[in-house]
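1. Have a look; sequence and predicted model below, questions after that.
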Amino acid sequence: MSDPKKDSRHAAPAASDFRALFESAPGLHLVLTPELVISAVTDAYLSATMTKRAEILGRHLFDVFPDNPDDPAATGVRNLKASLERVLKNRAPDAMAVQKYDIRRPESEGGGFEERYWSPVNSPVFGPDGRLAYIIHRVEDVTGRHVAEEALRRSEQFLSALFEFMPDATVLVRKNGEISRVNEKAQALFGYSREELVGQLIEILLPESFRQGHVGQREGFARAPRPRSMGAGLELYGRRKDGGEVPVDIMLGPVTIAGEAMVIVVVRDVTERKRADTALRDRTEQLEQSNGELAAFSYSVSHDLRAPLRAIDGFARILREDYTDKLDAEGRRLLGVVCSNAQKMGTLIDELLAFSRLGRKSLEKTPVDMEALADSVVSQLRALEPQRAVTVDRKALPRAHGDAGLLQQAMANLVSNALKFSRNKSDARVEIGVSEQPDGAAYYVADNGAGFDMKYYAKLFGVFQRLHGADEFEGTGVGLALVQRIILRHGGRVWAEGRPGEGATFYFTLPDSGGEKT
Amino acid sequence: MSAQIQDVEILLVEDNPNDAELTARALKKQNLANQLHHVKDGAEALDFIFARGAYSQRDIANNPKIILLDLKLPKVDGLEVLKQLKTDSRTKLIPVIMMTSSKEERDIIESYKLGVNSYVVKPVDFTQFSKAVEGLGLYWLLVNHPPRT
């Protein structure tokens, strides 16, 4: 530059070149008149705003760049206008905060508006007379950066909220055992404030007797970190600020945050669960005990109640056998009454025991062919009274799912009742079928026998409850109670309908019984 | 009804005197009661079988031909008696018929686990008793009173 000979080669551009130079300059620039009419624009600006020079020169700024009509919250025009007015008034540059100012997309590219963020600066240009001649509006398109920052901010907010509002106390711990972050629940559980915990060693949250051992365990974990629950099978306790100890479950999750190996410690207060566990255990113990007592009771009944009966029956028989010549007919009849009552009581004991065993026995469920089951019950019962004239109509029955032995017993009790209570009818009829109920198919056993009065319905399924005198129809009153117990244990329903002298129908449902015919 | 203690063919272990009488009577009808010895509890049964205490004079090698054992007994119960005599090589071959008041499954299972030979439900009438004995192949041995060797 010191050589004046070189001046001609380094002459200033011709005045006509300035426009071209400006238009090609890097950066997004727009030149406005004080009336905000666009008078020059760089190529970069045109490209960033998807406009063409010929279409915008000479037009008013806000005519070319209106607000996005689809964004009711748009403030672009208002903010820019305010900034430009400040420049006009103050005659000084005005830097604006990052603005959302959407850009109209040309119709050829689908129309509408594109979301954009800008960082604008408006600077005055003064003429030789000192008057404000132009405003240079320079912007930087920060949309990409803004979107990335926004995503990061949202993700940070999300993670922070996640950490903060974890339902369990959560503590982020550095490799050296120092607490780096705690959430709301951790403060509540341990009674410390955030400030009191951050920077402390994690051992502050342990009962004193565990602290020393824990340092070694923590270092061991740091050497081979993997997600796991702590002290599997052990009772763990946390220590509150007030010295109180809380039973807890602890999950450890190794994480790397900004290159630093850390551990997320999730601490769950299990006070409630412990209490529930204890209550449940106590209750189970009580139930087991009373079950055991019940079993012992019925065991004892089955052995001890029978011994005197055996003696009554046995010695009455001996009397009848050995002293038969010394007894008259009435004496022998009376002995017969003694024996038959002793036997009847034996039967009662047996049935009662069967009934109580049923409560303890576990069900062995299999598919059950109810037609075969009913047929076998009917033929066995018919064999007991071969002379009996009775019509048994077994209709098609769907397959059931249940304990075959128990269902057979239930069916046998119902059919045997039907046969028993219809025996005084000349045209006795028993029907076994199925009827559709709201909760599925109900099997039924119907007879046209003695029936019963619905007003005694409440007694029908009770143990040792009978609706007929012993001289009318024999029985112990256990049969229907047993049926009910079997069906209830299967999760089904049992009910009956009856009319005195016209017969009775007993229904039962069994869950999981298929609709398909067997 | 007590036979000579050296020459017992049937040992009846039964605490209930009525049951004992009914059982003895059923056997007596078949002329089986004259070599029957009756003990009233499990402890006495073990003394008899192992020739101890009051029975120390008895020759242990001279086993009864059959033991009728009640399940529920004072002092030492039937299952315990069964266990002891089935685990002793000197006595484990003596056939044992367990007598019980009930058909409680767990009693039956436990008895068979311990090696009982048969199981009858009281009252022990002769038909049932003979079925149990027949099953053991001892029936004619007992009924016919074979000469002792």
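-> Cool, got the structure.
2. Contacts only, for residue 52.
-> Using chain A. By CB atoms under 8 Å, 6 or more residues apart in numbering or on different chains, the contact set of A:Lys52 is A:Leu46. Glycine gets a C-beta too; all of them are placed from N, C-alpha and C.
3. ah, I was thinking of chain B
-> Applying CB under 8 Å, 6+ apart to B:Arg52 gives the contacts B:Leu46.
4. so what pLDDT did it get?
-> For B:Arg52, the model assigns a pLDDT of 90.
5. Can you tell me the SS state at the residue lying closest to B:Leu85 once chain neighbours are set aside?
-> Closest residue in space to B:Leu85, ignoring its immediate chain neighbours: B:Thr91 at 4.2 Å, by CB to CB, 6 or more residues apart in numbering or on different chains. With DSSP: H, G, I helix; E, B strand; the rest coil as the basis, B:Thr91 sits in coil.
6. For chain A, which helix or strand comes out least confident on mean pLDDT?
-> Confidence across the helices and strands of chain A bottoms out at strand A:228-229, with a mean of 75, counting by mean pLDDT, DSSP states H and E.
7. Double-check that A:Ala372 belongs to a strand.
-> No. Counting by three-state DSSP, A:Ala372 is not part of a strand but helix.
8. That one: neighbour count?
-> By the criterion of other CB atoms under 10 Å in any protein chain shown, A:Ala372 has 13 neighbours.
9. what residues does the stretch 351-500 of chain A put near chain B?
-> Taking CB under 8 Å from any CB of the partner chain as the measure of proximity, the stretch 351-500 of chain A contacts chain B at A:Leu353.
10. Mind telling me which residue of the stretch 351-500 of chain A is nearest chain B?
-> Nearest residue of the stretch 351-500 of chain A to chain B, counting by CB to the nearest CB: A:Leu353, 7.4 Å away.
11. quick revisit: for A:Arg493, see how far away the residue nearest to B:Leu85 is.
-> Applying CB to CB, to the nearest Å, the value for B:Thr91 to A:Arg493 is 56 Å.
12. And A:Arg104, by the same measure?
-> Counting by CB to CB, the gap from A:Arg104 to A:Arg493 is 72 Å.
13. picking that back up, from the contact counts, what lies against the helix or strand the residue of the stretch 351-500 of chain A closest to chain B falls within?
-> In this structure, A:Leu353 is located in helix A:329-360 according to DSSP states H and E. In terms of contacts (3 or more CB pairs under 8 Å, 6 or more residues apart in numbering or on different chains; DSSP states H and E), helix A:329-360 is packed against helix A:271-300, helix A:306-322, helix A:479-489.
14. most packed of those helices?
-> Counting by mean count of other CB atoms under 10 Å in any protein chain shown, helix A:479-489 has the highest mean neighbour count of these, with a mean of 21.
15. Which helix or strand lies directly C-terminal to that one?
-> Remark: after helix A:479-489, the chain's next helix or strand is strand A:494-499, criterion DSSP H and E.
16. Report the next helix or strand after that following strand in sequence order.
-> strand A:503-509.
17. which parts of that following strand are buried?
-> Using 16 or more other CB atoms under 10 Å in any protein chain shown as the test for burial, strand A:503-509 gives A:Gly503, A:Ala504, A:Thr505, A:Phe506, A:Tyr507, A:Phe508, A:Thr509.
18. Using the three-state scheme, assign the residue nearest to the spatial centre of chain A.
-> Centroid-nearest residue in chain A, with CA atoms, centre = their mean: A:Pro167, separated by 16.0 Å. Per three-state DSSP, the secondary structure class of A:Pro167 is coil.
19. That one is in contact with A:Asn183, isn't it?
-> No. If you go by CB atoms under 8 Å, A:Pro167 and A:Asn183 don't touch, sitting 9.9 Å apart.
20. Tell me the confidence at B:Ala3?
-> pLDDT, B:Ala3: 46.
21. I meant B:Leu114, not that one.
-> On the pLDDT scale, B:Leu114 gets 89.
22. so what's it up against?
-> B:Leu79, B:Leu82, B:Lys83, B:Lys86.
23. now the residue nearest to A:Lys274 when sequence neighbours are not counted: how far from A:Asp375?
-> Nearest residue to A:Lys274 in three dimensions, chain neighbours excluded: A:Pro247, at 5.1 Å (CB to CB, 6+ apart). The gap separating A:Pro247 from A:Asp375 is 61 Å, by CB to CB.
24. what does A:His490 give?
-> Relative to A:Asp375, and taking CB to CB, A:His490 is found at 21 Å.
25. and what of B:Asp15?
-> Distance from B:Asp15 to A:Asp375, counting by CB to CB: 47 Å.
26. Next: B:Asp47.
-> Distance of B:Asp47 to A:Asp375, given as CB to CB: 57 Å.
27. Run through the chain and note the low-pLDDT ranges.
-> Here I'm looking at chain A. Within chain A, the segments meeting pLDDT under 70 span A:1-10, A:231-233, A:470, A:513-518.
28. ah, no, chain B please
-> Residue ranges of chain B with pLDDT under 70: B:1-6, B:33-34, B:102, B:123-130, B:133-149.
29. any chance of the contacts of B:Leu114 in TSV, with distance to A:Ala48 too?
-> Shown next, in TSV, are the contacts of B:Leu114 (distance: CB to CB, whole Å):
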residue	distance to A:Ala48
B:Leu79	99
B:Leu82	103
B:Lys83	100
B:Lys86	103
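30. mind listing which of those are in helices?
-> Judged by DSSP state H, the subset of the contacts of B:Leu114 located in helices is B:Leu79, B:Leu82, B:Lys83, B:Lys86.
31. Most neighbours among the residues you listed, please name it.
-> That'd be B:Leu82 among the ones in helices among the contacts of B:Leu114, by other CB under 10 Å, with 25 neighbours.
32. How about that residue: what's its closest non-neighbour residue?
-> Using CB to CB, 6+ apart, the closest residue to B:Leu82 is B:Leu114 (4.8 Å).
33. Could you check how far the one you found is from A:Arg104?
-> 99 Å.
34. Report the spatially nearest residue to the residue of the stretch 151-300 of chain A found nearest chain B, omitting neighbours in sequence.
-> In the stretch 151-300 of chain A, the residue that lies nearest chain B is A:Tyr299 (6.1 Å; CB to the nearest CB). Nearest-residue entry for A:Tyr299: B:Glu104, 6.1 Å, with adjacent residues in sequence omitted and distances by CB to CB, 6+ apart.
35. any idea how far A:Phe113 lies from A:His29?
-> Noted for A:Phe113: a distance of 22 Å to A:His29, by CB to CB.
36. so what's B:Lys40 up against?
-> So B:Lys40 contacts B:Glu14, B:Asp15, B:Ala20, B:Pro74 (CB under 8 Å, 6+ apart).
37. For it, what are phi and psi?
-> Main-chain dihedrals, B:Lys40, degrees, to the nearest 10: phi -100, psi -10.
38. ok, now A:Ser39?
-> When quoted as degrees, to the nearest 10, the phi and psi of A:Ser39 stand at phi -120, psi -20.
39. A:Arg86 and A:Ala95 touch, don't they?
-> No. With contacts counted by CB under 8 Å, A:Arg86 stays clear of A:Ala95, the gap being 10.5 Å.
40. can I assume A:Arg181 sits in a strand?
-> Yes. Counting by three-state DSSP, A:Arg181 is part of a strand.
41. Tell me how many other residues surround it.
-> Residues near A:Arg181, counting by other CB under 10 Å, number 19.
42. Without its sequence neighbours, what residue ends up closest to it?
-> Nearest one to A:Arg181, counting by CB to CB, 6+ apart, is A:Leu172 at 4.1 Å.
43. Can you tell me the SS state at the one you found?
-> A:Leu172 ends up strand, using three-state DSSP.
44. what does the one 4 residues further on give?
-> Here A:Asn176 takes the coil state, with states given by three-state DSSP.
45. From A:Arg218, how far off is it?
-> 9 Å.
46. quick one: which of those two has more around it?
-> Neighbour count, other CB under 10 Å: between A:Asn176 and A:Arg218, A:Arg218 has more, with 18 against 10.
47. For that one, give me its contacts.
-> A:Arg218 makes contact with A:Gly177, A:Ile202, according to CB under 8 Å, 6+ apart.
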